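> sequence first, predicted coordinates after that:
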Amino acid sequence: MGAAASDALLLRVTLEAILAHPFSIALTYGRNFVVAFFLADSPYTWKHRTFGPEWTGPYLAKEAQASGDSSVATPLDRALDVIFPTLRFLVVVGTIIVAPFAWRSRWRLSFVFCLALVAYNQDTVALAATAENRYTFYIVPPLLVAVTMGLQVYSEQRAFKRLKP
């Protein structure tokens, strides 16, 4: 079976499942969509066995060997597994807090665009049926921009109030 045939088969099976069990599928995808904002099912840094020259060739194997053992988590790996989910949580909460300011400003369209990028990413995570960190982290950049816009509006409003007699 070729790539096109397997893609068509996967699409048919997915549509058949959606038509047969619409509420169950909606609940599963909705849960994945929401949960992926705050939790992930996998670490950011993956541990895997080391590949030797028979898999990668001599030059790449030499570089992989110089970089260290990939089957053991380093202190940086463990730190990133704590820092990235915390950052993701903080920007989600920050976006919720600044949303009213950004919504009532000239930044509304840009703010909505950032939220659309986040929704697109979360949709792909929800449809993948698992919230893996390597995918959920991609909501951080547009949410950082959204928070920045909201904070900009908030600071402009505060400065304007101070200038008013």
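Received the coordinates, thanks.

> ok, now how distant is the closest residue to F33 other than its chain neighbours from T136?
In space, and not counting its chain neighbours, F33 is closest to A126: 4.0 Å by CB to CB, 6 or more residues apart in numbering. C-beta here means a position set from N, CA and C on the backbone, and glycine is covered the same way. Counting by CB to CB, to the nearest Å, the gap from A126 to T136 is 11 Å.

> joint contacts of these two?
Taking CB atoms under 8 Å, 6 or more residues apart in numbering as the contact rule, A126 and T136 both touch A36.

> neighbour count: the two, which is higher?
T136 (24 against 20; other CB atoms under 10 Å).

> just the helices in the protein please.
3-20, 22-38, 53-56, 58-67, 75-103, 108-127, 133-136, 140-163 (DSSP state H).

> tell me the contacts of S42?
Here S42 is in contact with T130, E132, N133, R134 (CB under 8 Å, 6+ apart).

> report the buried members of those residues.
Among those, those buried by neighbour count (16 or more other CB atoms under 10 Å) are E132, N133.
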